[in-house]
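sequence and predicted structure, then a few things I'm wondering about:
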Amino acid sequence: MALLPGLTRTNFHNVAFEGQPQKMPDRLAYPPEVVVSEALKILKERRLPAFISGPRYRYMAAIASRFFSRKKIIEMMGKNSPALK
């Protein structure tokens with residue numbers, strides 16, 4: 001199963017940015033417990049090969065894929081990702 005967790009409240013960003021604290025918008029991030037519980041439920045049911053965690057990110061993925069090309073989505077992600085600049 002492939003898990004696409006979206007923005008999750010972990011220490012990942014601090015490590016990725018070499019210890020510099022990163023402010024993450026709480027309204028966009030899911031707690032790791034929610035991501036793990038959803039993933040384990042889907043894995044146990046064995047019904048999906050890939051899973052996008054959280055209703056907010058599933059909605060965003062559905063809308064983005066209908067209105068934007070893959071190239072445009074990658075461009076937008078790059079503009080909002082400090083590590084890709």
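On my side now, so go ahead. Residues are numbered from 1 along each chain as shown.

make it CA atoms for all contacts and neighbour counts henceforth
OK.

what's the weakest-modelled helix or strand in the protein?
helix 12-16 (a mean of 74; mean pLDDT, DSSP states H and E).

following it, which helix or strand comes up?
Later in the chain than helix 12-16, the nearest helix or strand by DSSP states H and E is helix 32-45.

quick one: that next one to chain centroid distance?
Averaging C-alpha positions (CA atoms, centre = their mean, to the nearest Å) puts helix 32-45 14 Å from its chain's average.

check stretch 63-70 too.
Stretch 63-70 sits 16 Å away from the centroid of its parent chain (CA atoms, centre = their mean).

check stretch 8-22 too.
Counting by CA atoms, centre = their mean, stretch 8-22 is centred 15 Å from the centre of its parent chain.

kindly report the same for stretch 40-52.
The chain centre lies 16 Å from the centre of stretch 40-52; the measure is CA atoms, centre = their mean.

kindly report the same for stretch 70-78.
15 Å.

go on, stretch 66-85?
From the chain centre to the centre of stretch 66-85 is a distance of 13 Å (CA atoms, centre = their mean).

could you export that stretch as PDB, CA atoms only?
C-alpha atoms of stretch 66-85 as PDB (Å, rounded to 0.1, in the frame of the first residue of the first chain):
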ATOM      1  CA  ARG A  66      -9.800  17.900 -12.400                       C
ATOM      2  CA  PHE A  67      -8.800  21.500 -12.900                       C
ATOM      3  CA  PHE A  68      -5.100  21.500 -13.400                       C
ATOM      4  CA  SER A  69      -2.600  19.500 -15.500                       C
ATOM      5  CA  ARG A  70       0.000  17.400 -13.700                       C
ATOM      6  CA  LYS A  71       2.700  19.900 -14.800                       C
ATOM      7  CA  LYS A  72       0.800  22.800 -13.300                       C
ATOM      8  CA  ILE A  73       0.200  20.900 -10.000                       C
ATOM      9  CA  ILE A  74       4.000  20.200  -9.800                       C
ATOM     10  CA  GLU A  75       4.800  23.900 -10.500                       C
ATOM     11  CA  MET A  76       2.400  25.000  -7.700                       C
ATOM     12  CA  MET A  77       3.900  22.500  -5.200                       C
ATOM     13  CA  GLY A  78       7.300  23.800  -6.100                       C
ATOM     14  CA  LYS A  79       6.400  27.400  -5.400                       C
ATOM     15  CA  ASN A  80       5.100  26.500  -2.000                       C
ATOM     16  CA  SER A  81       8.000  24.300  -1.000                       C
ATOM     17  CA  PRO A  82      11.000  26.200   0.400                       C
ATOM     18  CA  ALA A  83      13.200  23.100  -0.100                       C
ATOM     19  CA  LEU A  84      12.600  23.100  -3.800                       C
ATOM     20  CA  LYS A  85      13.500  26.800  -4.400                       C
END
